[in-house]
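Engineer: Here is the input, now give the coordinates:
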Amino acid sequence: MKQHQGKDMVIYGSGSLVSVLAHHGLIDEYRLIENPVVLGSGKPLFKGLTNKLKLNLLNARTLGSGNVLLSYQPVKAK
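Structural biologist: As a prediction, this is how the structure comes out:
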C-alpha cells in the first residue's frame with residue numbers, strides 16, 4: 001500500500017485492523033480522541049498487538065466538547 005501513490009487512508013474504530021497494520025510498520029500517524037469519562041472496564045485499543053510500540057507526540061488539541069485530539073508518530077527502530 002505504501003508504495004502506491006494516492007491519498008492518505010483513514011481507519012475509524014477498527015483496533016484489530018490497526019494492530020495488523022502497526023505490526024507491519026504500515027502506519028505513519030495515529031490520531032486518538034480521548035474522551036474524559038471514567039469507566040470500570042473496556043476493550044483494548046490495539047488488541048492483538050504483541051510488540052511494544054513507541055510513539056512521539058506530534059500535537060495535542062482540546063476540542064470544544066472537552067475531548068482531546070492526540071496525534072502521534074511511531075518511533076522508527078534504530
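Engineer: how about the helices in the chain?
Structural biologist: For the chain, the helices defined by DSSP state H occupy 15-23.
Engineer: Can you give the distance of the helix or strand of the chain with the lowest mean pLDDT from its chain's centre?
Structural biologist: In the chain, no helix or strand scores lower on mean pLDDT, DSSP states H and E than helix 15-23, which sits at a mean of 80. Put simply, helix 15-23 sits 9 Å off its chain's centre (CA atoms, centre = their mean, to the nearest Å).
Engineer: residues in contact with that helix?
Structural biologist: 11, 27, 43-51, 53, 74 (CB atoms under 8 Å, 6 or more residues apart in numbering). (C-beta placed from N, C-alpha, C; glycine too.)
Engineer: One more pass at 7 Å, please.
Structural biologist: Residues from elsewhere that reach helix 15-23, judged by CB atoms under 7 Å, 6 or more residues apart in numbering: I11, I27, P44, L45, F46, K47, G48, L49, L53.
Engineer: Type out the ChimeraX command that picks the buried ones from these.
Structural biologist: Here is the ChimeraX command that picks out the buried ones among the contacts of helix 15-23, judged by 16 or more other CB atoms under 10 Å:
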select :27,49
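Engineer: want to throw the contacts of helix 15-23 into a markdown table with pLDDT and distance to Q5?
Structural biologist: What follows is those, written out as a markdown table (pLDDT from 0 to 100; distance: CB to CB, whole Å):
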| residue | pLDDT | distance to Q5 |
| --- | --- | --- |
| I11 | 76 | 19 |
| I27 | 84 | 18 |
| P44 | 75 | 34 |
| L45 | 77 | 30 |
| F46 | 76 | 28 |
| K47 | 75 | 32 |
| G48 | 74 | 30 |
| L49 | 75 | 28 |
| L53 | 84 | 27 |
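Engineer: Put together CSV for the contacts of helix 15-23, with distance to N67 on each row.
Structural biologist: Converted to CSV, the contacts of helix 15-23 look like this (distance: CB to CB, whole Å):
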residue, distance to N67
I11, 19
I27, 21
P44, 20
L45, 15
F46, 19
K47, 22
G48, 26
L49, 23
L53, 22
